[in-house]
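> My questions are about this predicted structure, shown below with the sequence.
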Amino acid sequence: MDTVQVGLWVVVLLVLLAIAFDFMNGFHDAANSIATVVSTGVLKPAQAVAFAAFFNLVAIFVFHLSVAATVGKGIVQPGIVDVHVVFGALIGAITWNFVTWYYGIPSSSSHALIGGIVGAVIAKAGAGALVAAGIWKTIAFIFVSPLLGFALGSAMMVLVAWVFRRATPSRVDRWFRRLQLVSAGAYSLGHGGNDAQKTIGIIWMLLIATGHSGADAPPTWTIVSCYTAIALGTMFGGWRIVKTMGQRITKLKPVGGFCAETGGALTLFLATALGIPVSTTHTITGAIVGVGSVQRASAVRWGVAGNIVWAWIFTIPASAFVAAFAYWISLQVF
């Protein structure tokens, strides 16, 4: 097999691996979109995943490719990326996703991917090959997105409590069972819009590096395939994480689910518009904690929330370590 054929074979393999990561992203993060709407009893699990998957796919028509541009061109200096870097990044991200899914820990697929890119790039060319602005923007939102989700979720809860202060509990419950369909749809829209673009970005990065795409825009097939893959992943659902997100952090009623999803959705819309790859897991967790803390501080199981935060802290270094090792392995294989 000649060099051109080997090169094309490797590119096809890595594109398929990236799409597999995207599917796993949807599978892993399905809980973010459906946990609250399932735990409050508004939708049955099978209905919830189909509902969320539909809005993941619809996001293709709503959001510009700002996040894809950040991942594809704003994390690594030009000329550094090659097939070995992309392979290392994907293996690092997929490994961390699998480990956290297996143990039912709601970690960030987004930051696992960023950590994978960082680890593989450092293994190849050192930290100087990274684009500091893109890295620091992403790291900052590890803290900003859950805090913003917390603030918006708790503010929504306070606002709703004031507006419906004279309504009976049964009437409030009836209204918000309907409204939670709107908030769950909005959150799933934001999830698809932000997360699918991360995989579009890494495939675009690969195609630019191998001369199969220009830097102006990713090919249409990458956009369609990535949105489809994340929707299918959501459809199959990450059931191990649903219970943690929906009930173990705090007990939610439909009104709380609506406020958490709305606060989370607003955070995702803002981040996507700014081109910042954020964690849907961090965002919805912050919003759920915000809603629970408005009721009373003891309504939040802070030990569970603390374990989740530790997983967040370890995501980037753990996926970066695996990615660096996978980068070295790929040098021996490709």
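Thanks, I have it.

> Could you check which helix or strand contains Asn56?
Using DSSP states H and E, Asn56 sits within helix 45-58.

> could you pull out the helices for the stretch 1-150 of the chain?
Listed in chain order, the helices found in the stretch 1-150 of the chain under DSSP state H, counting those that start in this stretch are 3-39, 45-58, 66-73, 83-102, 109-125, 132-163.

> Least confident of those, on average?
Mean pLDDT is lowest for helix 3-39 out of those, coming in at a mean of 78.

> Poorly predicted segments of the stretch 151-300 of the chain, please.
237-252, 295-300 (pLDDT under 70).

> With adjacent residues omitted, what lies nearest to Ala69?
Gly275 (6.1 Å; CB to CB, 6 or more residues apart in numbering). To be clear about C-beta, it is placed using only N, CA and C from the backbone, and glycine gets the same treatment.

> what's the spacing between Ala217 and Ile230?
Counting by CB to CB, to the nearest Å, the gap from Ala217 to Ile230 is 20 Å.

> neighbour count winner among the two?
Ile230 (32 against 14; other CB atoms under 10 Å).

> just checking, that one touches Gly192?
Yes. The pair Ile230 and Gly192 passes the contact test of CB atoms under 8 Å, sitting 6.0 Å apart.

> Identify the contacts common to those two.
Asn56 (CB atoms under 8 Å, 6 or more residues apart in numbering).

> ok, the nearest residue to Leu90 once chain neighbours are set aside - contacts?
Nearest non-adjacent residue to Leu90, counting by CB to CB, 6+ apart: Leu17, 5.0 Å away. Contacts for Leu17 were tallied using CB under 8 Å, 6+ apart; they are 87, 90-91, 94.

> quick revisit: using JSON lines, lay out the helices of the stretch 1-150 of the chain together with distance to Val224.
JSON lines is the format used below for those (distance: least, CB to CB, whole Å):
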{"stretch": "helix 3-39", "distance to Val224": "11"}
{"stretch": "helix 45-58", "distance to Val224": "10"}
{"stretch": "helix 66-73", "distance to Val224": "13"}
{"stretch": "helix 83-102", "distance to Val224": "20"}
{"stretch": "helix 109-125", "distance to Val224": "20"}
{"stretch": "helix 132-163", "distance to Val224": "25"}
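
> Most tightly packed of the ones you listed?
Of the helices of the stretch 1-150 of the chain, the one with the most neighbours on average (mean count of other CB atoms under 10 Å) is helix 109-125, at a mean of 27.
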